[in-house]
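Colleague: One predicted model, sequence on top.
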Amino acid sequence: MSAEAQGRALRPSKAAEHLGIGVSTFWRYAKTIPDFPRPVKLSPRCTIFFESQLNDWLASRAAAYQA
């Protein structure tokens, strides 16, 4: 999938802010929730998450809650 299709790339702190949770909670979700979006390592010290994948995950959680 192309970068345009993935949307904006967010660093973990901005991704946590986007979801409205703390950074430590964000990393716990990434490690323990199987369907949580996977991180992309650009380099040993640079990790990103794609905003579109986070939005899709959030929408699926909302749909499951409303069902």
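Modeller: Yes, it's here. Since we're looking at a predicted model, the values are computed, not measured.
Colleague: Quick check: nearest residue in space to Gln6, chain neighbours excluded?
Modeller: Sequence neighbours aside, Phe50 is the residue nearest to Gln6 in space, at 4.2 Å (criterion: CB to CB, 6 or more residues apart in numbering). In this view, the C-beta of every residue, glycine as well, is placed from N, C-alpha and C.
Colleague: ranges for the helices of the protein?
Modeller: 3-6, 12-19, 23-32, 51-66 (DSSP state H).
Colleague: Mean pLDDT for the ones you listed - can I get that in a markdown table?
Modeller: A markdown table is the format used below for the helices of the chain (pLDDT from 0 to 100):
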| stretch | mean pLDDT |
| --- | --- |
| helix 3-6 | 62 |
| helix 12-19 | 98 |
| helix 23-32 | 98 |
| helix 51-66 | 94 |
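Colleague: how about these, which one is nearest Lys41?
Modeller: helix 12-19 (11.5 Å; CB to CB).
Colleague: Show me which residues of that closest one are buried.
Modeller: Buried residues in helix 12-19, defined by neighbour count with 16 or more other CB atoms under 10 Å: Ala15, Ala16, His18, Leu19.
Colleague: residue contacts, the last one?
Modeller: By CB atoms under 8 Å, 6 or more residues apart in numbering, the contact list for Leu19 reads Phe26, Leu54, Leu58.
Colleague: now those in TSV, with neighbour count and distance to Lys41?
Modeller: Shown next, in TSV, are these (neighbours: other CB atoms under 10 Å; distance: CB to CB, whole Å):
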residue	neighbour count	distance to Lys41
Phe26	20	16
Leu54	20	17
Leu58	14	22
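Colleague: okay, which residue is most central for this protein?
Modeller: When CA atoms, centre = their mean is applied to the chain, the residue found nearest the centroid is Leu54 (4.0 Å).
Colleague: I'd guessed that residue sits against Glu17; true?
Modeller: No. In this structure Leu54 lies outside contact range of Glu17 using CB atoms under 8 Å: 10.9 Å.
Colleague: who's the residue nearest to Gln6 bridged to?
Modeller: Beta-bridge partners of Phe50, counted by DSSP bridges, are Ala9.
Colleague: Check the burial of it by counting its neighbours.
Modeller: 21 (other CB atoms under 10 Å).
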